[in-house]
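> what would the 3D arrangement of this be:
(chains A, B and C)
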Amino acid sequence: MLKKIVLALTCLVAFSFAESVGNVNLTKVMKVDRSLSPLAKKCVECHAEKTPGIVNDWKSSRHAHAGVSCMDCHAVPADSPMAIKKEHPKDSGNHVSILVSPKTCGKCHAKEVKEFEQSGHARGGVQMFAKKGMVELMYHYEGNGKPYENDAPFHAGDENLKDAPSATGCIQCHGLEIKLDKEGYPIPGKGWPNYGIGNAYPDGSVGSCKSCHSSHTFDMVEARKPSACASCHLGPDHPNIEIYNNSMHGKIYNAEGEKKWKWDSAPDTWDVPDYRAPTCATCHMSGIGDLNTTHNVSLRLKWNLWAPHSNLRTGGYETAADVYAKEGKVTVGVPLAGNPAGPEAARGEMKQVCKSCHSTKATESFFISADQHVMLYNTYHTEAKKMLDDLKAKKLLKKDEWSDAFQKVYYHLWHHEGRRMRMGAVMGAPDYAHWHGVFEVQQDIKELRNIYNARIKSGKIEE
Amino acid sequence: MLKKIVLALTCLVAFSFAESVGNVNLTKVMKVDRSLSPLAKKCVECHAEKTPGIVNDWKSSRHAHAGVSCMDCHAVPADSPMAIKKEHPKDSGNHVSILVSPKTCGKCHAKEVKEFEQSGHARGGVQMFAKKGMVELMYHYEGNGKPYENDAPFHAGDENLKDAPSATGCIQCHGLEIKLDKEGYPIPGKGWPNYGIGNAYPDGSVGSCKSCHSSHTFDMVEARKPSACASCHLGPDHPNIEIYNNSMHGKIYNAEGEKKWKWDSAPDTWDVPDYRAPTCATCHMSGIGDLNTTHNVSLRLKWNLWAPHSNLRTGGYETAADVYAKEGKVTVGVPLAGNPAGPEAARGEMKQVCKSCHSTKATESFFISADQHVMLYNTYHTEAKKMLDDLKAKKLLKKDEWSDAFQKVYYHLWHHEGRRMRMGAVMGAPDYAHWHGVFEVQQDIKELRNIYNARIKSGKIEE
Amino acid sequence: MLKKIVLALTCLVAFSFAESVGNVNLTKVMKVDRSLSPLAKKCVECHAEKTPGIVNDWKSSRHAHAGVSCMDCHAVPADSPMAIKKEHPKDSGNHVSILVSPKTCGKCHAKEVKEFEQSGHARGGVQMFAKKGMVELMYHYEGNGKPYENDAPFHAGDENLKDAPSATGCIQCHGLEIKLDKEGYPIPGKGWPNYGIGNAYPDGSVGSCKSCHSSHTFDMVEARKPSACASCHLGPDHPNIEIYNNSMHGKIYNAEGEKKWKWDSAPDTWDVPDYRAPTCATCHMSGIGDLNTTHNVSLRLKWNLWAPHSNLRTGGYETAADVYAKEGKVTVGVPLAGNPAGPEAARGEMKQVCKSCHSTKATESFFISADQHVMLYNTYHTEAKKMLDDLKAKKLLKKDEWSDAFQKVYYHLWHHEGRRMRMGAVMGAPDYAHWHGVFEVQQDIKELRNIYNARIKSGKIEE
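Down below sits the predicted model:
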């Protein structure tokens, strides 16, 4: 009994303590006494209170260690197309941009930015806006531009909901052509803030380093983890993180990677035996033995497996970023961008990665089956496309793609099931090559044939 | 050759050792000599052999450190509605309950229990049983109440299978109105044991602390991890863990959280820089800067995004737990429960969390798009509901919802696709806002229109 | 300004360094001076350069510690059915096999291999090839055996794509009857390399130890992790890793397992309190208290939940591996293989696992509901099968299963939805028991009834 009273008292004390601590701001004002400029010190000291998360990130970054401050990335000339119009801090004569573009990162990391710009990643945003069809796909909004009455009291100003699907969806991964308002801030509600890989900036540069090296630590280790790719490369249309987890590589990483592997080797030195199985970055970017590190993720790819029909990557380097920088124009870029030495050279580089751990025989045999699965997909797609074209010629397609059974299945065949079939095969993920892949593609093609035959026979579109 | 013989002998020895160890019980009887009552010591010593997992959990808990014993939670008066009728241990004069309710936890953790009871979590169980429609949805069983002959020999006593879907499904997350048999044990086969958040106990209390702080460690750290929420908040109807993993927050946690973050800060003191990105608990419960810690997960929510139509949370505190305690009645509670200061105050608190790491501009712009996506969903739902009501009025709906194409698509539109669209947007998960969300909602609405138009035109329900 | 110049110079130096390091092979030639045979030393020293991943794996293995070398597993007599014809290394008089079968592992790990062969795992590969229906299901290829013209230039030799689905899919988990070419290498493009659990080897042995203990560490710890099972037990047809993550067991593991649990206890001694919740291996294989460790994963199973109809496991030990060893014949094995003492003995062993942490009452009550859910599934399946048989008798089924709405839904009912319903229930995963399970099974049965009634009424198959 006595014990219980003591316990109760103890708890009361604990409550009071917790209560008081809860109302006390534990974040102290940070005093910085290092080789930073006076203005840079002011950034840090003030933001340590205002946005402690940002300053704490920076504190644990290599940037802080090397004396790279807020100013080095955010300060811009007053007349920069990136500049916020008002001085910041107030009356300092200094101007900052809320955006930091690859151009800024490239001041120190020129090689990485250049390689990135030559990769398919750099095409992610501009391509989407250049292709009218893709933009329309994004804009699902069909209303009259005004919210229904029952929402009106709360959001009288929201006369326009049509940007929501792209702003919360596509742009978050693909990126945005960022436009600033008169004060120098990104126009709200259009898709900023985002971590899209292919943002196009007012300074003409394209890309987003923080998609993989998230702000404000910009960590190398983070980008080496499978999770770095997982926030975009997932889901029904390119389940790459699921594919990785399904593979033996992912299985080994999941069993021991976090605990046992060496993640912080210097750039270009991360190699066996730092890890026992590759992550996404290992195969697509890392230096392995004689193979150079690259930020061009397209360099080791033989096929363009995202496309309706798998074609060999014969397009050389990507050019969309260059065009945007020079002409300020959004373009579809080079859909067949890959290795300038051609698709077999690309594959050869990939095999170099495999052979660090696998015999030549195993490596060759693996790719024979993977390529056959890709080509098998092509046979399905060729037939599907032929039927689609024929129905189009005969005016047996509905105008609205998403109300037309044939067009809906066709879209899923290539964009969802077909990508899974192909990507599952080349990355060693049987569940995606088969159950989420060919098993569904096969059923799709039968359904397409069924609809096609009925339309051809009857000469009209079914209700 | 000699080496191989030595190796073989070594292996043989290893086998024999393993074999013998395998049959030896390695768990020693535990002797406890601490400030526990004699009965409490007996619990520990006996259960260390009978259920070593439970005792080992307790050993590593703060409860054990503070001298809180089995007795403090399980001992009840003989006439308690929770009591097992037989004395335990035998002839001890002591009574225990196999259940421990929030009322018991509240003896020490009063503030947390109170806050919990004011949250939507507290409504999870009773609401389900109060809403007849929801109960019927759970009871999928359509048989004659008897297993088919080929199973009969093995399960002669199982004349009733209809409880299985709720017992293995809904109740496991939502909770159960727990009834005891004459001996004082929960009636078997009705949904106990479970970790449902909204259990209603014979002592009148509602909730389940161990849903997040699992028995018998009742750990604070566990509840701070995303996994704490993941065993219920997943799947087609509210894929919150998938949404988290899709977001930049989850990406950062997955890259470094387990290894680098500080998880065991005292209550109310877990804040930046202990972590670099929020978990579920951070945004919905944690004290951040001036914002107080709360166990009311509804307090920072503006919308009720689980509902068919998204409405603002204007209902104040949840009351279902109160009603159950006072009247023993299961009620639907307050579907619009939220922050008593209103939905904008709720949103304001949430923004306080964001602003620890994000600029005001970024925070505001994020929520503009998120809210627009929620309202865009509402425009779809409004149209769908109007068609549903019209068909109902015109007697063009089948009685069995699950055989009626229109009703099935309508259900999926709001309960599955529509929740994903909305929750994906407000939690920064583009794949859920788009591919699992609006992309499917858009196709749903077209399918609904198609069925609607056909029924209206023909005046009958299609075969 | 000066600071910026210094910074730029620092970066330049860093670049040059990185550049030069990138082209230097950091892997030194390994000199081994241990109690290995001269040939074994040669393996290690040469492969340390050729396939550093393999050698580094071996270095961190117990094998290396115990002096088990490459030779002990890969060296075979020249006339072995597993031998590569050419000597290796060149002119050494030594022969190796690129394959290592369970027969080789069994030289030291005889008990484990024996137990494995008595389990359903051993049936995974041969059963698939013995059942003609299953093989046909795998061969989705419908083309004319030749790739379409537009691929021809690149793959003139690929006249045969029909193996791709099994090679990239089924075989990767189930295994392959491995045939060697004239040189002693596995025939390329047929499904090797794989990690399939049921490979059948030219030496007559069946199975794959490395499916769970991946090469070349063959780690015990790896196989104790849930990820060990996750590369095969996932997806629409047996989402066991998803089920585990949905369960309280998985939730606890995900919160703390990696960081806090003891994973490297010696064989047969891994028990509470090394872990706070079970992994897959714990329940299905581990020694717990008086219960023996086993590599027969079928030993604790009451039901065969993978089958169209759930039956009790009354078949005793699996025999497919024995038959293959003696007769070289692929057989379907014993679909009801389980515990030779019968299904209730199997369940009894499983309950012993549960009771380490759960009360007898909770354990019993859990299985009552789980079994009821399994039997409830059987009532659905019995009805579906009866309709299927009736339609077959009345010639109201299409010949092509995958073009026939009834047969497609029937397949999904048992192979996908029905497994999820049952496995979700017995492993404590409400989302799979319900949303991915009975919720869909219920809709399937209504759809089947609808099609059935229409066909019976009209006497023909719908278009």
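
> what is the burial count for the closest residue to residue A:306 other than its chain neighbours?
Using CB to CB, 6 or more residues apart in numbering or on different chains and skipping residues adjacent in sequence, the residue nearest residue A:306 is residue A:419, 6.2 Å away. The C-beta positions use only the backbone N, C-alpha and C, and glycine is treated the same way. Here the number of neighbours of residue A:419 (other CB atoms under 10 Å in any protein chain shown) works out to 25.

> is residue A:419 in contact with residue A:305, as I believe?
Yes - taking contacts as CB atoms under 8 Å, residue A:419 lies within contact range of residue A:305: 6.3 Å.

> residue A:79: how many residues sit nearby?
For residue A:79, using other CB under 10 Å, the count is 7.

> ok, it to chain B distance?
Using CB to the nearest CB, to the nearest Å, residue A:79 is found at 21 Å from chain B.

> read off the pLDDT value for that residue.
According to the model's per-residue confidence, residue A:79 sits at a pLDDT of 97.

> so what's the closest residue to residue A:295 other than its chain neighbours up against?
The shortest distance from residue A:295 to any residue that is not its chain neighbour, by CB to CB, 6+ apart, is 3.8 Å, and that residue is residue A:115. Remark: with contacts taken as CB atoms under 8 Å, 6 or more residues apart in numbering or on different chains, residue A:115 is in contact with A:294, A:295, A:296.

> closest to residue A:55 among those residues?
Proximity of those to residue A:55, judged by CB to CB, is greatest for residue A:295, which lies at 27.7 Å.

> run through the residues that contact the closest one.
Taking CB under 8 Å, 6+ apart as the definition, contacts of residue A:295 comprise A:111, A:112, A:113, A:115, A:116, A:119, A:285.

> how many residues are close by the residue of the stretch 1-150 of chain A found nearest chain B?
Of the stretch 1-150 of chain A, the residue with the smallest distance to chain B, taken as CB to the nearest CB, is residue A:53 at 2.9 Å. Taking other CB under 10 Å as the neighbour definition, residue A:53 ends up with a count of 24.

> distance check, it against residue B:363.
In this structure, residue A:53 and residue B:363 are 12 Å apart, going by CB to CB, to the nearest Å.

> is it true that residue A:403 touches residue B:446?
Yes - applying CB under 8 Å, one finds residue A:403 in contact with residue B:446, separated by 4.8 Å.

> count the neighbours of the closest residue to chain C within the stretch 51-200 of chain A for me.
Residue nearest to chain C within the stretch 51-200 of chain A (CB to the nearest CB): residue A:108, separated by 4.5 Å. Using other CB under 10 Å, residue A:108 is surrounded by 20 other residues.

> rewinding a little: then the residue nearest to residue A:306 would be within a helix, right?
Yes - using DSSP: H, G, I helix; E, B strand; the rest coil, the secondary structure at residue A:419 is a helix.

> need phi/psi at residue A:312.
Per-residue torsions, residue A:312: phi -70, psi 150 (degrees, to the nearest 10).

> and the residue of the stretch 201-350 of chain A found nearest chain B, how far from residue A:432?
The stretch 201-350 of chain A approaches chain B most closely through residue A:227 (3.7 Å), counting by CB to the nearest CB. Distance, residue A:227 to residue A:432, using CB to CB: 19 Å.

> these two: who's more crowded?
Neighbour tally, residue A:227 and residue A:432, criterion other CB under 10 Å: the higher count belongs to residue A:432, 28 against 21.

> roughly how far does the more buried one sit from chain B?
Using CB to the nearest CB, we find residue A:432 at a distance of 16 Å from chain B.

> wait, that residue sits on residue A:426?
No - the pair residue A:432 and residue A:426 does not pass the contact test of CB under 8 Å, sitting 10.3 Å apart.

> so what's the residue count around residue A:62?
The local packing of residue A:62 (other CB under 10 Å) involves 11 other residues.

> and it, what is it in contact with?
Counting by CB under 8 Å, 6+ apart, residue A:62 has contacts A:218, A:220.

> end-to-end on stretch A:163-180?
Across its full length, stretch A:163-180 reaches 16 Å end to end, with CA to CA, to the nearest Å as the criterion.

> not counting sequence-adjacent ones, nearest residue to residue A:414?
Counting by CB to CB, 6+ apart, the nearest residue to residue A:414 once its immediate chain neighbours are dropped is residue A:308, at 4.2 Å.

> for the one you found, phi and psi?
According to degrees, to the nearest 10, residue A:308 has phi -50, psi -50.

> what does residue A:56 give?
The main-chain torsion angles of residue A:56 are listed as degrees, to the nearest 10 and equal phi -70, psi -40.

> that one: neighbouring residues, count only.
The burial metric for residue A:56, expressed as a neighbour count using other CB under 10 Å, is 22.

> same check, this time on the one 3 residues further on
Residues lying near residue A:59 (other CB under 10 Å) number 17.

> around chain B, pick out the residues from the stretch 201-350 of chain A.
Among all residues of the stretch 201-350 of chain A, those adjacent to chain B (criterion: CB under 8 Å from any CB of the partner chain) are A:214, A:217, A:219, A:221-222, A:225, A:227-228, A:230-232, A:234-237, A:258.

> of those residues - the most surrounded one?
Neighbour tally across those (other CB under 10 Å): the maximum, 27 neighbours, falls on residue A:231.

> quick one: residues contacting that residue.
Applying CB under 8 Å, 6+ apart, the residues contacting residue A:231 are A:173, A:195, B:245, B:246, B:247, B:248, B:250, B:251.

> ditto for residue A:178
Residues near residue A:178 by CB under 8 Å, 6+ apart: A:99, A:186, A:192, A:199, A:200, A:201, A:202.

> ok, of these, which come out buried?
Among the contacts of residue A:178, those classed as buried by neighbour count (16 or more other CB atoms under 10 Å in any protein chain shown) are A:99, A:186, A:192, A:199, A:200, A:201, A:202.

> does the first one belong to a helix, a strand or coil?
Here residue A:99 takes the coil state, with states given by three-state DSSP.

> that older thread, doesn't residue B:274 make contact with the residue of the stretch 1-150 of chain A closest to chain B?
No - taking contacts as CB under 8 Å, residue A:53 lies outside contact range of residue B:274: 10.8 Å.

> dump the residue contacts of residue A:182.
Contacts here follow CB under 8 Å, 6+ apart; on that basis residue A:182 touches residue A:85.

> just give me the longest helix of chain A.
The helix that spans the most residues within chain A, counting by DSSP state H, is helix A:360-393.

> can you confirm whether that helix lies near chain C?
Yes - applying CB under 8 Å from any CB, one finds helix A:360-393 touching chain C at A:361-362, A:364-366, A:368-373, A:375-376, A:378-379, A:382.

> between which two of these is the distance greatest?
Of all pairs drawn from these, the widest gap by CB to CB lies between A:361 and A:382 and measures 31.8 Å.

> residue ranges with poor pLDDT in chain A?
Per-residue confidence for chain A (pLDDT under 70) gives these ranges: A:1-31, A:33-34, A:132-160.

> ok, the closest residue to residue A:278 other than its chain neighbours - contacts?
Distances taken as CB to CB, 6+ apart place residue A:249 nearest to residue A:278, at 5.5 Å, with adjacent residues excluded. The neighbours of residue A:249, taking CB under 8 Å, 6+ apart as the test, are A:277, A:278, A:279, A:428.

> and which of those is nearest residue C:42?
For the contacts of residue A:249, the nearest to residue C:42 is residue A:277 (26.5 Å; CB to CB).

> how close does the nearest residue to residue A:89 once chain neighbours are set aside get to residue A:413?
Setting aside the residues directly before and after it, residue A:89 is nearest to residue A:42 in space (CB to CB, 6+ apart), at 6.2 Å. Summarising the geometry, the distance separating residue A:42 from residue A:413, computed by CB to CB, is 58 Å.

> between the two, which one's more packed in?
Applying other CB under 10 Å to residue A:42 and residue A:413 shows that residue A:413 carries more neighbours, namely 26 against 17.

> chain neighbours aside, what residue packs nearest to that one?
Nearest-residue entry for residue A:413: residue A:444, 4.3 Å, with adjacent residues in sequence omitted and distances by CB to CB, 6+ apart.
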